[in-house]
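# take a look and give me a structure for this.
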Amino acid sequence: MSNIRDVAREAGVSVATVSRALSAPEKVSTKALDKVHKAIAKVGYRPNMLARNFRSTRSYAIVVLVPDIANPFYSGVISAIEDRAQQKGYAVLLGDTRGMPERELEYIRRVETRLADGLIQLRPHSSKMHDVIPPDLASVNACGCEDTAGPSIRIDNRGAAKTMVDYLISLGHRRIGVISGLTDNPHSIDRMAGYKESLEAAGIPFEKELVAEGDFTMWSGLNCALQFCGMKERPTAIFCMNDEMAIGAIQTLKAQGLRVPEDISVTGFDDIPYAKYCDPNLTTISQPAGDIGKLAVDMLVRLIGGETLNQPECILPSEFIVRKSTARARSS
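Down below sits the predicted model:
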């Protein structure tokens, strides 16, 4: 049976480094942790994790609260969280909360009772929705929005939406529809602000009838697109607040005999894997899901270790991607 000395020899590090990697991984470099974990796998070492956790009073587990576990964007963030957490010596417990505070509480109690050391929240903070996470708990909001309380990671949703609508206006579109998420969702609020800001800068009046409320699902995109198809003067472009709704909208538009983008342009948001493979492939805003997940773990491990974050809010860059679902307005 292999032992800790075998791991140290295989990894090319000291026994003390292996011990720290198992008992206090936040104190070991990512490079050294990676060597140790690879060596453990190769020599078949089985450390006594129960004894380690008992000695350290830590569980070496983190909880991830997911409002919609089927959402492809969240899947990308979760994958990165799990990879980084493993490097740091932590296990990940997924909590499918469906956006409900009472379900969130069930998982928060695991942290309060020391079954986990901290948590990562993927639901954006909302002042209208009671935040059930106690302020003294180690937590990070990994999909934040403007005015998020506590440590958070986000993109500039308002600025990204404005960039997208500015692009549509540059193509000659003046009548631009919107398929939003639920109107009280913080991401919907920020992205709607960017949409309105772009219209105002171009001197285009905001028309409430051009806004269809979805819920970030493909099914809602299918239904919302029907609202625009039934208009006497339909929009020449549709800005969808996520890719799933955009893909659903494209299906409806095609079923109604409209060509995308020749008759109507469609854009999304997130750049989920399907965005580049749908027909036509989707012009969208790419969020750095991998970087969000990794940074969330790094921030949380520091909080668990008792550190104070000098920069509690981190705004990551997004990328504007032009594909084949957009074209110049036919009248321009």
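# when you work out contacts or count neighbours from here on, use the C-alpha atoms and nothing else.
Noted.
# report the distance from stretch 190-199 to the chain centre.
How far stretch 190-199 lies from its chain's middle: 20 Å, per CA atoms, centre = their mean, to the nearest Å.
# give me the mean pLDDT for that stretch.
In this model, stretch 190-199 has a mean pLDDT of 98.
# ranges for the strands of the stretch 201-332 of the chain?
Here the stretch 201-332 of the chain has its strands, by DSSP state E, counting those that start in this stretch, at 211-213, 237-240, 265-267, 284-286, 313-315, 319-321.
# going by contacts, tell me the helices and strands next to the fourth one.
Judged by 3 or more CA pairs under 8 Å, 6 or more residues apart in numbering; DSSP states H and E, the packing partners of strand 284-286 are helix 157-170, strand 319-321.
# what does the longest one give?
Identification of packing neighbours for strand 237-240 by 3+ CA pairs under 8 Å, 6+ apart yields helix 157-170, strand 176-180, strand 265-267.
# ditto for the fifth one
The contact analysis (3+ CA pairs under 8 Å, 6+ apart) places strand 313-315 against strand 152-154.
# ok so, going back, CSV for the helices and strands packed on strand 284-286, including mean pLDDT and distance to C278?
Below are the helices and strands packed on strand 284-286 laid out as CSV (pLDDT from 0 to 100; distance: least, CA to CA, whole Å):
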stretch, mean pLDDT, distance to C278
helix 157-170, 98, 19
strand 319-321, 98, 14
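# name the stretch among the ones you listed that sits most buried.
Comparing the helices and strands packed on strand 284-286 by mean neighbour count (mean count of other CA atoms under 10 Å), helix 157-170 comes out on top with a mean of 21.
# ok, residues contacting that one?
145, 176, 187, 190-199, 202, 237, 239, 267, 284-285, 318, 320, 326 (CA atoms under 8 Å, 6 or more residues apart in numbering).
# buried subset of the residues you listed?
145, 176, 187, 190-199, 237, 239, 267, 284-285, 318, 320, 326 (16 or more other CA atoms under 10 Å).
# for S75, which residues are in contact?
Here S75 is in contact with I69 (CA under 8 Å, 6+ apart).
# and if you look at R110?
Contacts of R110 (CA under 8 Å, 6+ apart): A116.
# closest one to L253 among the helices and strands packed on strand 284-286?
helix 157-170 (18.1 Å; CA to CA).
# ok and that closest one relative to strand 176-180, angle-wise?
Relative orientation of helix 157-170 and strand 176-180, computed by axes from the mean of the first three to the mean of the last three CA atoms, to 10 degrees: 150 degrees.
# any idea how far P235 is from D166?
16 Å (CA to CA, to the nearest Å).
# now R234: closest residue in space that isn't a chain neighbour?
With CA to CA, 6 or more residues apart in numbering as the criterion, R234 has its nearest non-adjacent residue at 5.6 Å, and that residue is F228.
# how many other residues sit next to the one you found?
Residues within reach of F228, counting by other CA atoms under 10 Å, total 23.
# isn't it up against P235?
Yes. Between F228 and P235 there is a contact at 6.9 Å, judged by CA atoms under 8 Å.
# list residues touching both of these two?
Listed contacts common to F228 and P235 are 177, 210; contacts here mean CA under 8 Å, 6+ apart.
# switch the helices and strands packed on strand 237-240 over to JSON lines; also include distance to A80.
What follows is the helices and strands packed on strand 237-240, written out as JSON lines (distance: least, CA to CA, whole Å):
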{"stretch": "helix 157-170", "distance to A80": "21"}
{"stretch": "strand 176-180", "distance to A80": "27"}
{"stretch": "strand 265-267", "distance to A80": "26"}
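# for T97, which of the ones you listed is the nearest?
Short answer: strand 176-180, nearest of the helices and strands packed on strand 237-240 by CA to CA, at 21.8 Å.
# could you dump that closest one to CSV, C-alpha only?
This file holds the C-alpha atoms of strand 176-180, laid out as CSV (Å, rounded to 0.1, in the frame of the first residue of the first chain):
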residue,chain,number,x,y,z
ILE,A,176,-35.5,46.4,-32.7
GLY,A,177,-37.5,44.0,-30.6
VAL,A,178,-36.4,42.5,-27.3
ILE,A,179,-37.0,39.1,-25.8
SER,A,180,-36.1,39.7,-22.1
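# counting contacts, what elements does that strand pack onto?
Right, strand 176-180 is packed against strand 211-213, helix 218-229, strand 237-240 by 3+ CA pairs under 8 Å, 6+ apart.
# quick check: which of these is buried the most?
Of the helices and strands packed on strand 176-180, strand 237-240 is the most buried (mean count of other CA under 10 Å), at a mean of 28.
# ok, that one: who's next to it in the sheet?
Sheet partners assigned to strand 237-240 using DSSP bridges are listed as strand 176-180 (parallel), strand 265-267 (parallel).
# can you name the next helix or strand after the lowest-mean-pLDDT helix or strand in the chain?
Within the chain, no helix or strand scores below helix 49-56, which has a mean of 49 by mean pLDDT, DSSP states H and E. Later in the chain than helix 49-56, the nearest helix or strand by DSSP states H and E is strand 61-66.
# fine by me, thanks again.
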